[in-house]
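**Q** Next come a sequence and a model predicted from it.
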Amino acid sequence: GAVVSQHPSWVICKSGTSVKIECRSLDFQATTMFWYRQFPKQSLMLMATSNEGSKATYEQGVEKDKFLINHASLTLSTLTVTSAHPEDSSFYICSARDGIGGTQYFGPGTRLTVL
Amino acid sequence: AQSVAQPEDQVNVAEGNPLTVKCTYSVSGNPYLFWYVQYPNRGLQFLLKYITGDNLVKGSYGFEAEFNKSQTSFHLKKPSALVSDSALYFCAVSLSGGYQKVTFGTGTKLQVIP
């Protein structure tokens, strides 16, 4: 099946710093990628939809200036958490959608801890 | 608006017994339906999907799901549960077509007891 990688798998940072998370589709081209946030024992919360070559579409309540998304190529999308605070600590998961049947393939997730 | 309901937060089943994880959906049109599994501290793994055709869909690791249009359900099943099947399972729905928004259920934790 399609493979999506995510890097880093975990990161610990100080409050006020910025963190970049990369999401790559390894064996297919993804015009659309998604960024989710998952809190413990909860479902996925869609943060934004990332389209290659255009601005991301953010869900209601998600600060676009805080969560910067760049989808520079058909295989790479990045999420940058700017000026991170402890409340941004979470599990961030990306997915890439294939154009056939709309299946989303997920990365392994990134555990962000902000001290 | 489309929605997915997974009525059980947790399902417990003895190893070797059949398992069912329930999912019902609501969408204004023909649905695409998906099941994913998530192991602790990992992303979601795709199990199976229904797009069209045969109502019984077979997927990875021996799982299958049956699309029931009249009951708007897409329950996940496996004839014989393994301890290694213990994980969090998510059902998802979108309108038909490859570019529609996908809505996920809240997840059901499956616990297979040795």
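**A** Now that the structure is in, tell me what you want to look at. All of these numbers come straight from a predicted model, not from anything done at the bench.
**Q** Spell out which residues of chain A are next to chain B.
**A** Proximity of chain A to chain B (Cβ under 8 Å from any Cβ of the partner chain) is limited to residues A:1, A:4, A:6, A:32, A:42-44, A:49, A:91, A:93, A:95, A:97-109, A:111. Any C-beta I mention is one placed from the backbone N, CA and C, and that applies to glycine too.
**Q** Take those residues and keep only those in helices.
**A** Taking DSSP state H as the definition of helices, the residues of chain A next to chain B contribute nothing to them.
**Q** In space, what's closest to residue 86 - neighbours in sequence excluded?
**A** In the absence of a named chain, chain A is used. Closest residue in space to A:P86, ignoring its immediate chain neighbours: A:V114 at 4.9 Å, by Cβ to Cβ, 6 or more residues apart in numbering or on different chains.
**Q** my bad, chain B
**A** Distance criterion Cβ to Cβ, 6+ apart; nearest residue to B:S86, sequence neighbours excluded, is B:V112 at 4.8 Å.
**Q** Look up which residues are beta-bridged to the one you found.
**A** Beta bridges link B:V112 to B:V13, judged by DSSP bridges.
**Q** residues near it, how many?
**A** B:V112 has 20 neighbouring residues, counting by other Cβ atoms under 10 Å in any protein chain shown.
**Q** Need the per-residue pLDDT for it.
**A** Looking at B:V112, its pLDDT is 97.
**Q** Could you do B:S3 as well?
**A** 91.
**Q** One more: the one 4 residues further on?
**A** B:P7 is assigned 95 on the pLDDT scale.
**Q** so how far is A:V81 from it?
**A** 34 Å (Cβ to Cβ, to the nearest Å).
**Q** okay, these two: which has more neighbours?
**A** A:V81 (23 against 11).
**Q** tell me the contacts of the more buried one?
**A** A:S18, A:V19, A:K20, A:I21, A:K66, A:F67, A:D88, A:L112 (Cβ atoms under 8 Å, 6 or more residues apart in numbering or on different chains).
**Q** So which residue is dead centre in the chain?
**A** Using chain A. When Cα atoms, centre = their mean is applied to chain A, the residue found nearest the centroid is A:W35 (3.5 Å).
**Q** could you do chain B instead?
**A** Against the mean C-alpha coordinate of chain B, by Cα atoms, centre = their mean, the closest residue is B:W35 at 3.6 Å.
**Q** Show me what it is bridged to.
**A** B:L48, B:C91.
**Q** all helices of chain B, in order?
**A** Using DSSP H, helices in chain B do not occur.
**Q** hey, which helix or strand in it has the poorest pLDDT?
**A** Among the helices and strands of chain B, strand B:103-104 carries the lowest confidence by mean pLDDT, DSSP states H and E, at a mean of 90.
**Q** That strand and chain A, are they touching?
**A** Yes: legend: contact between strand B:103-104 and chain A by Cβ under 8 Å from any Cβ is shown at B:F104.
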